[in-house]
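J.: got a predicted model here, sequence first, then my questions.
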Amino acid sequence: MAAEDLEQVNMHEAKTHLSKLVERVEGGEEIVISRAGKPAAKLVPIPQAKPGKRKLGGWEGKFDVPSLEEWAEMKRETAREFEGEILPGDENLLAGRLKLLLDTHTMIWVFSEPRLLSVQARNAISTEENEVFVSVVSPWEIAIKRSKKELRAPEDLDDALKTHKFQLLPVLLRHTKAIGSLPHHHGDPFDRMLVAQAQVDGLTLVSVDRTLRRYPVAILPAA
């Protein structure tokens, strides 16, 4: 549209009402600023870039991807080994829904078999606008299962995390403190730590484990 066909404001009006003019431009209008009666500049909206997409996968064949039943049995064995280590408590923590925290099984699927993810989970994880975290307990859990010959997986997951633009979430004192107030719905210490981290840091936990839904934490089903 030609400048003469657009609404024009003089320099004084532009300085005085700039904030309101910007609001109108954000709504899609175009406004010309004139000096001495002649068009001098034009306020136009800036096109908003669409969120990018992460490419999931690329690590096919580097993991033995356990079935849900096999993974559940490994979890039960881990829970038996750690039985009694973590005390139950009350349900007084709030769930957050701002960012994503992948549990270990979901992380393996993302890296090696993203087709197994639910459409909702795959879209949420692949959208670069969303922050995706992997807890340090996940590579720890994988290392234990690998040492016991229960799981084949790369020793170093750093490249996979960087490729997928995931952030590594450390275990901090605030997380360990929250563990003590979790009810003992789940015996697996790794999953309990993930729940504590999700609660304390306002994260949505992405998991296939239905037991975790008994905790007051936001859950996005992975499958």
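T.: Noted; the coordinates are in hand.

J.: so who does residue 190 touch?
T.: Contact analysis of residue 190 by Cβ atoms under 8 Å, 6 or more residues apart in numbering lists 78, 104, 137-138, 140-141. C-betas here are computed from N, CA, C, even on glycine.

J.: contacting residues around the nearest residue to residue 10 once chain neighbours are set aside?
T.: Counting by Cβ to Cβ, 6 or more residues apart in numbering, residue 10 lies nearest to residue 34, which is 5.5 Å off, once chain neighbours are set aside. Under the criterion of Cβ under 8 Å, 6+ apart, the contact partners of residue 34 comprise 8-11, 40.

J.: which of the residues you listed fall within helices?
T.: If you go by DSSP state H, the contacts of residue 34 have residue 11 in helices.

J.: from the contacts of residue 34, which would you call buried?
T.: Among those, those buried by neighbour count (16 or more other Cβ atoms under 10 Å) are 8-9.

J.: between the contacts of residue 34, which is nearest residue 209?
T.: The shortest gap between residue 209 and any of these belongs to residue 9, at 59.1 Å (Cβ to Cβ).

J.: quick one on the thing from earlier: surely the residue nearest to residue 10 is within a strand?
T.: Yes. Secondary structure of residue 34, determined by DSSP: H, G, I helix; E, B strand; the rest coil: located in a strand.

J.: from residue 24, how far out is it?
T.: 16 Å (Cβ to Cβ, to the nearest Å).

J.: picking that back up, quick check: pLDDT value at the residue nearest to residue 10.
T.: We have a pLDDT of 86 for residue 34.

J.: who's it bridged to?
T.: Assessed by DSSP bridges, residue 34 has beta-bridge partners residue 10, residue 39.

J.: end-to-end on stretch 155-164?
T.: Counting by Cα to Cα, to the nearest Å, you get 17 Å between the two ends of stretch 155-164.

J.: which parts of that stretch are buried?
T.: Neighbour count says stretch 155-164 has 157, 160-161, 164 buried, by 16+ other Cβ under 10 Å.

J.: just the closest of these to residue 175, please.
T.: Proximity of the buried residues of stretch 155-164 to residue 175 (Cβ to Cβ) peaks at residue 161, which lies at 19.0 Å.

J.: I'd guessed that closest one sits against residue 138; true?
T.: No. Proximity of residue 161 to residue 138 does not meet the contact threshold set by Cβ atoms under 8 Å, at 9.9 Å.

J.: where do the domain boundaries of this protein fall?
T.: Following automatic domain parsing, one gets these domains for the chain: 3-43, 68-221.

J.: among those, which is nearest residue 54?
T.: Ranking those by distance to residue 54, with Cβ to Cβ as the measure, places domain 68-221 first at 4.6 Å.
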